[in-house]
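J.: please find the sequence and the predicted model below.
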Amino acid sequence: MPLAELGRFSKNEANIVICALDAQGIPAVAFDEGASIADGSQYFIPVRVMVDDSDLADARAIVAAAQG
């Protein structure tokens with residue numbers, strides 16, 4: 001199962017996106033969510049939301065619809 005990057009978001013936005021995708025039956029994972037947590041810069045490093053390559057188009061449509 002190859003993963004594709006859906007986008008890069010703030011930590012909170014990434015969690016919202018992952019929950020929205022999960023509600024539509026699309027599994028997603030966050031990469032880099034805990035990056036640089038020791039020095040306090042985790043809020044400045046974008047979190048990559050990854051989905052299965054075959055779900056990428058549907059995931060993009062869900063995010064686009066949510067953004068308006």
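T.: Structure's in. What do you need? Numbering: from 1, shown residues only.

J.: in this structure, which spans are strands?
T.: Assigned by DSSP state E, the strands in the chain fall at 3-9, 28-31, 47-52.

J.: on contacts alone, who are the packing partners of the first one?
T.: When contacts are defined as 3 or more C-beta pairs under 8 Å, 6 or more residues apart in numbering; DSSP states H and E, strand 3-9 sits against helix 11-23, strand 47-52, helix 56-67. In this view, the C-beta of every residue, glycine as well, is placed from N, C-alpha and C.

J.: is it true that residue 2 touches residue 53?
T.: Yes: Residue 2 lies in contact with residue 53 (C-beta atoms under 8 Å); the separation is 4.5 Å.

J.: between these two, which has more neighbouring residues?
T.: Regarding residue 2 and residue 53, a neighbour count based on other C-beta atoms under 10 Å identifies residue 53 as having more, with 11 against 8.

J.: pLDDT score assigned to that one?
T.: Residue 53 is assigned 96 on the pLDDT scale.

J.: do residue 40 as well
T.: Value for residue 40, per-residue pLDDT: 63.

J.: same question, residue 60
T.: 97.

J.: not counting its neighbours along the chain, what's nearest it?
T.: Leaving aside its chain neighbours, residue 60 sits nearest to residue 6 (6.7 Å; criterion: C-beta to C-beta, 6 or more residues apart in numbering).

J.: follow-up on the earlier one: for the helices and strands packed on strand 3-9, which one sits closest to residue 33?
T.: Across these, residue 33 has its closest neighbour in strand 47-52 (5.0 Å, C-beta to C-beta).

J.: restricting to C-alpha, output the closest one in CSV.
T.: The C-alpha trace of strand 47-52 is given here as CSV (Å, rounded to 0.1, in the frame of the first residue of the first chain):
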residue,chain,number,x,y,z
VAL,A,47,2.4,17.8,9.8
ARG,A,48,2.1,15.7,6.7
VAL,A,49,-1.2,13.9,6.3
MET,A,50,-0.8,10.7,4.3
VAL,A,51,-3.4,8.5,2.6
ASP,A,52,-3.3,5.4,0.5
